[in-house]
Structures are given as structure tokens and as C-alpha cells.
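Enquirer: Just to be clear, the model below is a prediction. Sequence and coordinates:
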Protein chains: 2
Amino acid sequence: MKKVSRRTVLASAVGAVALHKTATTAAPQAPSDSTKATGRPSSTLGQRSSFEQPKRLTGGAAASRTPHQDLTGMITPSDLHFERHHAGVPAIDPRRYSLVIHGLVERPMVFSLADLRRFPSISRICFLECSGNFNRTAGPETTPQALAGMTSQSEWTGVGLATLFREVGVRPAATWFLAESQDAAVMARSIPVAKAWDDAMIAYAQNGEAIRPEQGYPARLLLPGWEGNANVKWIRRIELSDRPFMTREETSKYTEPLSDGTIRQFSFLMDARSLITYPTYPATLTPGWVEITGIAWSGSGLIRRVDVSTDSGKTWTAAALQAPVLPKAHTRFRHLWNWSGREAVIMSRAVDETGYVQPTRAELIAARGPGSLPYHLNPIVAWVIRSDGTVVYREEAWG
Amino acid sequence: MKKVSRRTVLASAVGAVALHKTATTAAPQAPSDSTKATGRPSSTLGQRSSFEQPKRLTGGAAASRTPHQDLTGMITPSDLHFERHHAGVPAIDPRRYSLVIHGLVERPMVFSLADLRRFPSISRICFLECSGNFNRTAGPETTPQALAGMTSQSEWTGVGLATLFREVGVRPAATWFLAESQDAAVMARSIPVAKAWDDAMIAYAQNGEAIRPEQGYPARLLLPGWEGNANVKWIRRIELSDRPFMTREETSKYTEPLSDGTIRQFSFLMDARSLITYPTYPATLTPGWVEITGIAWSGSGLIRRVDVSTDSGKTWTAAALQAPVLPKAHTRFRHLWNWSGREAVIMSRAVDETGYVQPTRAELIAARGPGSLPYHLNPIVAWVIRSDGTVVYREEAWG
């Protein structure tokens, strides 16, 4: 029996544990021989191993980010799903919850949570991404979480908004609807009615159980593939109209100045993007085989291809995509690479089923005007593997 | 604006909350108007709403069951995944973990966790079910959890066992391997090598993050579609051989006496099965439209069809299957039913891609001998909707 010499313990694995340990947490303990003592009994609710402490990264009181560098697969554990709210996470009693649908409809109605749950249900696995999910001032010591941790994925279950719209009898003249939250910001957005007939949902469950409070408990609007803030959480009111409502969150915010001097409004679609999750900061590599892996997604539908470059974008190779590849969903990609030990720059580039190709930073800057806001930035980014094996984010200048 | 009169709050929704409340838990609180006060700030780790307290049902120290009556979709939250262990849940330091592969191999090797993670990875969503997942003495007040809560589903990520077997050079003469745990039971099972070449995996991640302790942290054997106990958790040793090892867990246990007087051994495959999750005990219905929903799965591959009966098995209708339908995976089925208010008996029956049809209790009893053990029982079961709307499990006699 021998130890494989070329596979030494990666320093990064130990480093990652240390990184998550807080000052007040005792070092995790385990007996040296686990076969010598009976383990703990079964429990009503599981806990993570004390050696594993993945955490969201909080950015002020109004946001937190998913630790993509710690994750595998395509499902985001619900307690690690990113957060973004405008007046905190409200506490809502599900027995008092209601959703009003009114305006240009035949039969205005109020639905309790039990009412919503009684309708035919649908489930889908899809991503949800904040339109502001890019850190333009990221330095070398930036994790995927800190760079772009405001995208997460769950299996959502709820009632199709089309089902509710048929129930209330939406009038033909109705082209937009207002979706209004019952949080303290009374967050509200105007949404085209066509999205309801397509694939919008009032979701009440996430990864098999009730939606978590910060994701809209007890019910939220889900608009697969569309910017997070339009997926109104804690939804209490939908008003049908023949025009958009011009709320604060679609006029003074969540719009993009363009280079031709105009301002883009109602930019709902999240374009195709990819994010390498390993190797990235703070991993440390040793020469030899490395699996480059990450997630790619597109609000337009299926990811068709993810290209990976290990020579700073000079040449690209199609990565393997993990089945099932689902529309509007994080798709895991993997590419096996033999690292020589010399400095290298790795990148990934998503292509979706419409043929859309994830843009470069230069292409994005050219399209956006001066004073550009940080919305809908999905550039190809780069990670530098230094010759000592450390991995850092490659800084980029953003106007 | 009006309230839909035929949709009154289902008593079951409130009842379910009360059921999960423990004596020591304060009643959950929420302000009457959530728009009047700023909510709580973002957090590093999410918590469930205090109004939602799904729990595993512990059956002694060695098992716990998934609350299927509380769940939707196909993913089981990791902290609600069923447990089954023979000497408790060991605490294992991942930095000291190792997996030995030896016996009929060219190059015996020891792999650290970092070694395992360095190999090409694969992910798959599949069910895991205990072969003893049926309560033959269930009375009317039995939930799906208490009846058959020892099946759960996760997205698992790890390294293909075939990859490791190629690495160590498994010899052609090797037809079986021993999988041995490092728990205090030193649980061990013999597995045909063919399963490794097919789809077995050494899994180190579950639903995107490290495997939970009670599911085998830091690494377990995963044999998609095969009985849970063969999916050895906390795996520390694999020995290749030209014959099975005849361990305690495949001789004195986990075998089935048959009606012809023989005993079935190495009954790995979990046959097709379905389980209605709603409406079941303790739900209460009101007349009108009810969505009958549940999960169906087969160790042989895809679920082809789930039939639902609302007249005690006299007539059957194919339910809708939620896409994506994945092989060896819980598949959500749904059937819309207009309940008249008269007593009714509902059932479900799974059919898989091999044409296998979920058997009746009578068929199972005929096939098994006297003194039959409670393994591999997957009968069609029935739930009675009483005229007062209460739902109970229909008791059955098991010899």
C-alpha cells in the first residue's frame, strides 16, 4: 500500500476551514479513532459538521452573498441563498397573509396562502440573480462570492401566475401589472403581463420546504431568468393595468445609461454568464491535474456551451456540462487541466441557446455610457494562477 | 374586491403548524403590519420562519424519517434527509480522513479527502432509500413520514468509483468489493464490481455543500437506486475480491425469506414505488378541487407513469409528472381531483421504464414466506378521505 506522491493534501482545504472560523468558535473536535466510541444518536434536524462552516458574506444590512467557492453541483442550500432587500426581512404570519389581484380584471380577488396552495402547483429549478451582481472594484484577494455571489439556485414550487390570472379574468387591455411587496420598503415593480402567460409563478416553496424569510416567506413572485429585484418578495398585491407604473425602483434605480446617451429601462433579462468557482482565490494549487469548474446560466434559456481558456483568452476549449442542463438554470461546467506550475490565467465564457456570447469587459464598457451604473454587468473575468500556486482575481479598470 | 367563498382557509395548514410546535417553543410572532417597521438585517446563515418547523421523526437513536407531508418538489433539504445508522453518527476530522483501496488491484492506494476532490467530479440528483422503509403496523393516524419517511433525495457530487478503480488498476478477477465504514459498527457490505463501472460514486457533497455528518461526512459510497445500507457511509476501506465477503449485514440482516422456502440475499435494487404526500394524515379537506400529489421513484431508472385512483383502485388515471424526470430519482406527480365530500379512498401506483408495476400488498405477501422480514416492501397503499374531510391511512394486515 502506498501513498500517491503527486496527490498531497491541498493547502487550500485546510485554509478554507480556518478562514470560516470565527474568534468565538472553539476548534472543532473529533476522536482519533471513530470506530472506538458510539456516535451521536439521530436528531430531528441535522447540523453541519463542525469542520464545515460555509457562510454568506454580508454587505451591509441589505445584502448577503452565496459562497460559490465552497459549493458544488447546482443547488444552493437555502440558508446560503443570497439576500437583497430594501428595508430588511419582514416577519410575516402566514395565517394573516393575503395576495390581492385587482385592476383590469373581471373578478378582483383576495387569496390566502391556503388558497394559493390549493391551486395546481408547478416546480422548477432556476437561478435568481441580482441585477447588481458584479463588484467593479474587486482586488486580487476576491472570492467568487465577493465578486458575484448574488446569484443562487433553488427548486421553486408554487402556482403559475397564469393560473391566477385566468381565475381573476385578466382583461385583454391589461399589458402590465404592478407587483407590490409587504416589506417596509413596499418594494414595487411593473411587469409585462406576457411574462405571466409565459412562466411566472407565485412561489411558496423553495428546495422542498416553505420559502425562507429572506427569500419572500410566505410567497413571492418568481420570474425565471429576470433580474432579481423584479421577482418581488413578500408579495401582497398585483394590479393589472394598460401601462407600467413607473415606480422608484424602475426609474431612479435599476436602469442603465447607454453610450448613445439614452437610458435603458425595464432591462429584465439576465444575459448569459459564467463564473469559475474553482480554482479561485483563496485556493492554492500544486502542479498536475486540476479540475476547473464553475457555473453558467442564462435568462434566455439553456446554456449551450461554456468555453474555458487557460492561456488568458488566446485559445478556448469547450468544457463538459453536467446533465441535466435546465433552462434558466445554473449549469455546472468542468474542464480538466494539467497545470505545469508556470503562471497561468484562466477564464470562462458562456454561450446560450440563442447564440448570445458572454461579453468581454471592453465590449460592456463600449456599450455603456459614462457614469454607468453597476447593473447587468456580466463580463468574462480572469483568475491568475501564480507560480507559487496561489490564485488571485485579475483586477480590471471600470471607467 | 371579494373573497373567494369556496376557498376557505384549510384547517390542515394551521393544524400542521401546531403539530410541530414543541412545548418549550414560544408561539411565533409577527407584527400585524409588516410595512410599518424595518425588518431584520441580512445574515451569514439563514433560518426558517418561526412559523415553519419541519422535523425529522426519530425512531429510536438509530433512525429518523423525512417529513414528506410537509415537502414539495423533489429535493429534500439536507437537514431533513432521513438517517439510519448502526452505532451512531461518528465525528470525523476531514484532515485525518482517508480511503484505502486494496485487494485485487495493481496499485493499492490511500486517498485523502483532498485527493478525492482533485479527481474529475460528477453530480447527480437521486433518491436514497432504506430497504426497511415500510411500517407494517401503521394505524390510521400515520403520516407519510411515519409510514415511509426513510427515502430522501439530494444532489450528490463526488468522484466516480470507476475513476478510482482505474487509478488503482482493478484486476479482471475482481468481481466483488467490500465497502467498510469507519463508524463504531464498522458497517460493511459486499458490492458487485459491475456497479462501480456503471454509476457508483464516492460522494463528498450533498445539495451543493459538504455531506452532512449523518449522511456520511466526509465521504460515502453512493450506489444510485440500490438499498440504503449498501451505500456505506463514512467509508474508509474498499477491498477488491473474487467473491462476496458475507458480512453480518448481508447474512443475518437485510435478506428476505421467500414463499418457496429460499432466502433472497444481495437484494440491492429498490423497486418502483410511489407515495402520496398530500392529502394524507393529518390534512383536513373541504369539498372541491384538491391536488393529489406525491413522489414516485425506481432503482431501475426512469418513472414512466404514476396512476392515481380516487375510488379505491377500481379505476386509475395517469398523473402529471413534473419535469425533469430523472433516472433513479424521486419524481413529483400531481393529479387534480374534484372531491364531492363523500368518503373516498385514494391510491397511487408507480410504473417504471422497465415496465415494472408497483405491487399490491397481496402480491407482496404471496411472494414472501412466513416470518417475512420488513425489507423491500413497496406496496400500493391507500388513504381514506372521510366525509368530514379528515384523512387517515388505511390499515392493512401483514401476516
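Expert: Everything's here; your move. Residues are numbered from 1 along each chain as shown, chains lettered A, B, ... in the order given.
Enquirer: ok, what's across the strand from A:Asn338?
Expert: The bridge-partner assignment for A:Asn338, based on DSSP bridges, gives A:Trp289.
Enquirer: Tell me which stretches of the stretch 101-250 of chain A form helices.
Expert: In the stretch 101-250 of chain A, helices defined by DSSP state H, counting those that start in this stretch lie at A:113-118, A:144-148, A:161-168, A:193-198, listed in chain order.
Enquirer: Make CSV out of these and add mean pLDDT, mean neighbour count and distance to chain B.
Expert: All C-beta atoms are positioned from the backbone trio N, CA, C, and that covers glycine. Rendered in CSV, the data for these read as follows (pLDDT from 0 to 100; neighbours: other Cβ atoms under 10 Å in any protein chain shown; distance: least, Cβ to the nearest Cβ, whole Å):
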stretch, mean pLDDT, mean neighbour count, distance to chain B
helix A:113-118, 97, 22, 4
helix A:144-148, 98, 24, 11
helix A:161-168, 98, 20, 8
helix A:193-198, 98, 18, 16
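Enquirer: Let's check: the centremost residue of chain A is which one?
Expert: A:Thr151 (1.3 Å; Cα atoms, centre = their mean).
Enquirer: distance of that one from chain B?
Expert: A:Thr151 sits 13 Å away from chain B, going by Cβ to the nearest Cβ, to the nearest Å.
Enquirer: show me what contacts the nearest residue to that residue once chain neighbours are set aside?
Expert: Using Cβ to Cβ, 6 or more residues apart in numbering or on different chains and skipping residues adjacent in sequence, the residue nearest A:Thr151 is A:Glu129, 3.7 Å away. Listed by Cβ atoms under 8 Å, 6 or more residues apart in numbering or on different chains, the contact set of A:Glu129 reads A:150-152, A:227-228, A:270, A:297.
Enquirer: And the furthest pair within these?
Expert: Distance extremes for those: the farthest pair is A:Ser152 and A:Glu227 at 13.8 Å, using Cβ to Cβ.
Enquirer: Which one's more surrounded, the two?
Expert: Neighbours per residue (other Cβ atoms under 10 Å in any protein chain shown) separate A:Ser152 from A:Glu227, with A:Ser152 holding more: 26 against 23.
Enquirer: ok, the more buried one touching A:Glu83?
Expert: No: applying Cβ atoms under 8 Å, one finds A:Ser152 not in contact with A:Glu83, separated by 9.3 Å.
Enquirer: check contacts around A:Glu227.
Expert: Contacts here follow Cβ under 8 Å, 6+ apart; on that basis A:Glu227 touches A:129-131, A:254, A:267-270, A:375-376.
Enquirer: still on that earlier bit, what is in contact with A:Ser152 and A:Glu83 at once?
Expert: Taking Cβ under 8 Å, 6+ apart as the contact rule, A:Ser152 and A:Glu83 touch no residue in common.
Enquirer: rewinding a little: where strands are concerned, which of the contacts of A:Glu129 count?
Expert: Filtering those for membership in strands, criterion DSSP state E, returns A:151-152, A:297.
Enquirer: okay if I get those as a markdown table plus pLDDT?
Expert: As requested, these are exported to a markdown table (pLDDT from 0 to 100):
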| residue | pLDDT |
| --- | --- |
| A:Thr151 | 98 |
| A:Ser152 | 98 |
| A:Trp297 | 98 |
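Enquirer: related to what we said a few turns ago, ok, of the contacts of A:Glu227, which one's closest to A:Tyr278?
Expert: For A:Tyr278, the closest of the contacts of A:Glu227 turns out to be A:Glu129, at 19.9 Å, with distances computed as Cβ to Cβ.
Enquirer: separation between that closest one and A:Gly369?
Expert: A:Glu129 sits 23 Å away from A:Gly369 when distances are taken as Cβ to Cβ, to the nearest Å.
Enquirer: just A:Gly341 next, same as before
Expert: Summarising the geometry, the distance separating A:Gly341 from A:Gly369, computed by Cβ to Cβ, is 44 Å.
Enquirer: Those two: who's more crowded?
Expert: The residue with the greater number of neighbours, taking A:Gly341 and A:Gly369 and applying other Cβ under 10 Å, is A:Gly369; the counts read 17 against 13.
Enquirer: returning to what we had before: next, format the helices of the stretch 101-250 of chain A as CSV and append distance to B:Gly73.
Expert: Shown next, in CSV, are the helices of the stretch 101-250 of chain A (distance: least, Cβ to Cβ, whole Å):
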stretch, distance to B:Gly73
helix A:113-118, 13
helix A:144-148, 26
helix A:161-168, 17
helix A:193-198, 21
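Enquirer: Which one, of these, ends up nearest to B:Ser181?
Expert: The nearest among these, by Cβ to Cβ, is helix A:144-148 at 33.5 Å.
Enquirer: so what secondary structure elements neighbour the strand or helix carrying A:Leu99?
Expert: Element membership for A:Leu99 (DSSP states H and E) is strand A:98-103. Under the contact definition 3 or more Cβ pairs under 8 Å, 6 or more residues apart in numbering or on different chains; DSSP states H and E, strand A:98-103 sits against strand A:109-112, helix A:161-168, strand A:235-241.
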